[in-house]
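In: sequence first, predicted coordinates after that:
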Amino acid sequence: MILKILIADDDAGMRLVLRKIIESMDGMECVGEAADGAEAVRLCKELNPDMVFLDVDMPAMTGVEAAKEIAEALPNIVKVFCTAHSQYMPDAFDLYAADYLIKPFKTDRVRQTLRRVQKANIKSKTAPPKTIMLKNREGMTFLPVKDILLVFRENKLTYIETAEGSYTTSESLSSLWAKLDGGDFFRCHRAYIINVTAIANIHPYGRWTYTVSLRGADKTALITQEKLDELQATLQM
């Protein structure tokens, strides 16, 4: 599944840099380039890419103005702002931008954004299972995926919490994650998987860690700062 990307920047050198990064990664294709905001809107309507890089300061139409038109015409296109002007960040996220890259940026920072968008794009096109089967000592339990609030690993067992009760299985967390990945679930920590639609609040727990409270679940989950940043970016897509 190829991630189709459009680059909009009035700097030809910057377009070249972004194109080379895209072309160096598997499963990605640069489908077009725009030198101004108006051209970016036209090409988005013509090519319907999965993602567009938008500079803010462009002739004919700014990146923010272009993003508004793109959002109205093609709301599913992921927008990533790439600019030297940090003051436009609030406007960008008001338009549900997936990320905001400040120039000059590191190549790895762009790659990180591209991988996250690619993963989210694959998830959105992959239908998660409606029911999962858990093997345990009593036999097999069938759980509707929509009812799962929290999955965590403790004392060599995996626990699944739902609003109706708690279940255990010897199945690994990674095995369950392979089944749940692609729906409303997020692996926020090596020992926790959460249903993002059930998040009630997140509070600081330590210097780089937070606790996640879920509606209907008795136990809280842990989330690292890195994973919290990833969750916020994912929810803004």
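Out: Nice, I can see it.
In: and the residue lying closest to residue 85 once chain neighbours are set aside, which of the three is it?
Out: For residue 85, ignoring the flanking residues on the chain, the nearest one in space by CB to CB, 6 or more residues apart in numbering is residue 56 at 5.3 Å. Yep, even glycine has a C-beta here, placed from its N, CA and C like the rest. Three-state call for residue 56 (DSSP: H, G, I helix; E, B strand; the rest coil): coil.
In: measure residue 56 to residue 11 for me?
Out: Remark: distance between residue 56 and residue 11 (CB to CB, to the nearest Å) = 12 Å.
In: those two - which one has more neighbours?
Out: residue 56 (24 against 14; other CB atoms under 10 Å).
In: what sits up against the longest helix along the chain?
Out: Ordering each helix of the chain by length in residues (DSSP state H) puts helix 107-124 first. Contacting residues not belonging to helix 107-124 are listed as 1, 3, 5, 18, 21-22, 25, 27-28, 50-51, 78, 80, 98-99, 101, 181-183, 230, 233-234, 237 [CB atoms under 8 Å, 6 or more residues apart in numbering].
In: restricted to helices, list those.
Out: 18, 21-22, 230, 233-234.
In: what is the nearest of those to residue 40?
Out: residue 18 (13.2 Å; CB to CB).
In: the closest one is in contact with residue 53, isn't it?
Out: Yes: look at residue 18 against residue 53 with CB atoms under 8 Å: they come within range, at 5.7 Å.
In: any idea which helix or strand of the chain has the worst average confidence?
Out: helix 89-94 (a mean of 61; mean pLDDT, DSSP states H and E).
In: count of residues packed around residue 65?
Out: Neighbours of residue 65 using other CB under 10 Å come to 18.
In: what about stretch 157-174, start to end distance?
Out: Stretch 157-174 has its terminal residues 12 Å apart, counting by CA to CA, to the nearest Å.
In: could you number the chain from 44 rather than 1 from now on?
Out: I'll keep to 44 as the first residue from here, and by that count the last item is stretch 200-217.
In: who touches the residue nearest to residue 205 when sequence neighbours are not counted in this structure?
Out: Excluding the flanking residues, the one nearest residue 205 by CB to CB, 6+ apart is residue 190, at 4.5 Å. Residues in contact with residue 190 (CB under 8 Å, 6+ apart) are 205-207.
In: can those go into a markdown table with extra columns for pLDDT?
Out: Shown next, in a markdown table, are the contacts of residue 190 (pLDDT from 0 to 100):
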| residue | pLDDT |
| --- | --- |
| 205 | 92 |
| 206 | 83 |
| 207 | 85 |
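In: mind giving me the PyMOL select for those residues, buried ones only?
Out: To isolate the buried members of the contacts of residue 190 in PyMOL, using 16 or more other CB atoms under 10 Å:
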select buried, resi 205
